[in-house]
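Q: What follows is a predicted protein model with its sequence.
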Amino acid sequence: MPRKQPKPVQRKPRTDALRNRERILEIAKQAFTRFGAEASLDDIARQAGVGPGTLYRHFPTRDALIEAVYRSEVEKMAAAANKLAGELPPLDALRAWMLLFVDHIAAKQIIAPALNSIVGGASKLYEGSRGQIQEAIDILVKRAIKSGDLRRDLDGFDLLRALIGVSHVPVGPDWRQSARRLVDILIAGSRRG
């Protein structure tokens with residue numbers, strides 16, 4: 001009877017490998033924001049303090065790196081909801097998260113040309129992130145409704161829709177200030193009567 005081959009053991013990435021990955025993602029976000037999809041991968045590796053081989057080991061293609069940058073930003077947005085919920089009163093946590101979302105939209109607009117360079121376009125990435133963002137705001141809205149701060153008929157998607165709508169307005173020098181004011185207007189209009 002043939003012996004069964006043991007399953008390969010999946011090891012956790014080493015701490016230094018995780019640090020390298022995070023540093024590469026942060027530098028890549030800055031580079032894609034400044035230079036678009038054609039930012040030099042060698043420059044990204046150099047600024048992250050790693051060799052090109054390390055960059056390609058983590059991200060075998062430019063598209064893989066662009067996707068990872070976007071996914072990382074979405075994951076940070078999702079994680080921020082729980083962190084803020086643990087640190088701030090319900091309405092303050094919602095406002096703080098919505099302000100972070102405005103910054104996320106601004107970054108997405110800047111990096112959008114890089115995202116659109118991905119084979120098949122960015123729509124798959126956006127679809128995949130929608131659930132995480134929706135869940136994050138729902139946590140905060142439900143908490144604020146439960147505390148009595150917000151109207152009971154409010155849906156978190158209503159607030160997201162309004163903020164996403166802002167991203168379709170042509171960006172000007174005062175776009176971010178205007179979007180931040182909109183956050184306060186949305187919260188004021190959503191308060192429990």
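A: That came through fine. Numbers count the residues shown, from 1 in each chain.

Q: For the residue most central in space within the chain, give its distance to residue 32.
A: The residue lying closest to the centre of the chain (CA atoms, centre = their mean) is residue 74, at 2.2 Å. For residue 74, the distance to residue 32 equals 15 Å [CB to CB, to the nearest Å]. Where C-beta positions appear, they are placed from N, C-alpha and C, glycine not excepted.

Q: still on that earlier bit, which residues sit in contact with the residue nearest to the centre of the chain?
A: Taking CB atoms under 8 Å, 6 or more residues apart in numbering, we find residue 74 in contact with 104, 129, 132, 133.

Q: How far away from the center of its chain is whichever strand or helix holds it?
A: Secondary structure assigned from DSSP states H and E places residue 74 in helix 62-87. Between the centre of helix 62-87 and the centre of its chain there are 4 Å (CA atoms, centre = their mean, to the nearest Å).

Q: who are the neighbours in contact with the nearest residue to residue 54 once chain neighbours are set aside?
A: Nearest non-adjacent residue to residue 54, counting by CB to CB, 6 or more residues apart in numbering: residue 20, 5.8 Å away. Listed by CB under 8 Å, 6+ apart, the contact partners of residue 20 are 48, 50, 54, 58.

Q: Counting neighbours, which of those comes out on top?
A: Scoring the contacts of residue 20 on neighbours with other CB atoms under 10 Å, the highest-scoring entry is residue 48 at 22 neighbours.

Q: Quick check: that residue touching residue 23?
A: Yes: between residue 48 and residue 23 there is a contact at 4.5 Å, judged by CB atoms under 8 Å.

Q: how close does residue 163 get to residue 43?
A: Distance from residue 163 to residue 43, by CB to CB: 33 Å.

Q: and this structure, what are its domains?
A: The record, using automatic domain parsing to delimit domains, assigns the chain the ranges 15-60, 69-190.

Q: end to end, how far does the last one reach?
A: End-to-end distance of domain 69-190 (CA to CA, to the nearest Å): 33 Å.

Q: Relative to the whole chain's centre, how far out is that domain?
A: For domain 69-190, the distance to the chain centre is 9 Å (CA atoms, centre = their mean).

Q: now stretch 83-93: mean pLDDT?
A: Taken as a whole, stretch 83-93 has a mean pLDDT of 97.

Q: So residue 163 and residue 43 - more neighbours on which side?
A: The neighbour comparison of residue 163 against residue 43 (other CB under 10 Å) goes to residue 163, with 19 against 13.

Q: Show me which residues of whatever helix or strand the more buried one lives in are buried.
A: Element membership of residue 163, judged by DSSP H and E, is helix 156-166. Of all the residues in helix 156-166, those buried under the rule 16 or more other CB atoms under 10 Å are 156, 159, 160, 162, 163, 166.

Q: tally of neighbours for the closest residue to the last one other than its chain neighbours?
A: By the measure of CB to CB, 6+ apart, the closest residue to residue 166 outside its immediate chain neighbours is residue 179, 4.9 Å from it. Residue 179 has 21 neighbours, counted by other CB under 10 Å.
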